[in-house]
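Colleague: one predicted model, sequence on top.
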Amino acid sequence: MNDLARQAAARPAAALVGEGMRVGLGSGSTMRFVIAALARRAREEGLRFVGVPTSAVVAALAQELGLSLDDLTAPLDLAIDGADEVELGTLRLVKGLGGALLREKIVAESSRRFVVVADESKLVDRLGTRVPVPVEVERFGHAATARRLAALGGVPALRRGEDGAPYATDGGNYLYDCRFDGVGDPFTLERRLRAVAGVLGTGLFLGPVEQVFVGSADGGVRVLRGR
Ligand code: A5P
């Protein structure tokens, strides 16, 4: 994915933000372009809105650009986020390669509208074919939790940072990237994963998506609308 594609997807998403809105700000490299576009609108148009960040990294970037931020104290008008996979037809998602899936899902579920920014490489016919499904787990007993994930048919790999130590989310939890080589019924898988005691959240985003802005390398954008 190149920056032109990210920028193409980001622009129309940032244009959806209206005066006085409370807006969920997702994480990832495409969201950086959305946040930059919003900062530009605030500067040039005097647009005022409140952002609710889904990660410490996004909070720091938004603050640096002078955006007003708040905690998730009230429902949101709009949430914008990236994705690692977008299933054609259903607009179901896999998210979390950036590690912010749990907060991203809490924010998405707290918003009246949820829109996604992605590039063409994220489009799939079936979830779990391009990337593994990230699963956020409680540190206590995580190896035992991983065995239960494996029993559900996945191949879980503990995510590690560059230093080789287990990667910790902003909430201090661990992540297992679970390869399924194609998810048959994502709702059943979600239910089974969530039934494991140590699982705190999964990267399967199965709730309604209003629209997905898909940027392409030539700077064009197409819009996929949810049903
Ligand atoms: C962060 O945890 C993820 O869910 C991101 O939204 C996702 O990884 C997309 O990131 P990019 O825009 O960097 O591809």
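Modeller: Perfect, I can see it now.
Colleague: quick one: residues contacting E138.
Modeller: When contacts are counted by Cβ atoms under 8 Å, 6 or more residues apart in numbering, E138 is found next to 145, 173-174, 198-200. In this view, the C-beta of every residue, glycine as well, is placed from N, C-alpha and C.
Colleague: restrict these to those near the ligand?
Modeller: Counting by Cβ under 6 Å from any ligand atom, nothing from those sits close to the ligand.
Colleague: narrow those to those in helices?
Modeller: When DSSP state H defines the helices, the subset of the contacts of E138 inside them is T145.
Colleague: as a markdown table, the contacts of E138 with pLDDT and neighbour count would be great.
Modeller: Shown next, in a markdown table, are those (pLDDT from 0 to 100; neighbours: other Cβ atoms under 10 Å):
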| residue | pLDDT | neighbour count |
| --- | --- | --- |
| T145 | 98 | 22 |
| N173 | 98 | 19 |
| Y174 | 98 | 23 |
| G198 | 98 | 21 |
| V199 | 98 | 18 |
| L200 | 98 | 18 |
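Colleague: show me where pLDDT drops low in this protein?
Modeller: When the per-residue scores of the chain are filtered using pLDDT under 70, the ranges that remain are 1.
Colleague: up against the ligand, what does it have?
Modeller: 26-30, 81-84, 95-101, 104.
Colleague: quick one: L149 and V135 touch, right?
Modeller: Yes: at 6.3 Å, L149 and V135 qualify as touching, with contact defined as Cβ atoms under 8 Å.
Colleague: any common contacting residues for the two?
Modeller: With contacts defined as Cβ under 8 Å, 6+ apart, the residues shared by L149 and V135 are 156, 176, 178, 193, 199.
Colleague: ok so, going back, show only the entries of the residues of the chain next to the ligand found in helices.
Modeller: Secondary structure assignment by DSSP H places 29-30, 101, 104 of the residues of the chain next to the ligand in helices.
Colleague: mind checking which of the residues you listed are buried?
Modeller: Among those, the ones that count as buried by 16 or more other Cβ atoms under 10 Å are 30, 101, 104.
Colleague: which of those lies closest to G184?
Modeller: Checking those against G184 by Cβ to Cβ gives L101 as the nearest, at 20.8 Å.
Colleague: for the nearest residue to the closest one once chain neighbours are set aside, grab the count of nearby residues.
Modeller: With sequence-adjacent residues excluded and distances taken as Cβ to Cβ, 6 or more residues apart in numbering, L101 is closest to G203, at 4.6 Å. G203 is surrounded by 30 other residues when neighbours are defined as other Cβ atoms under 10 Å.
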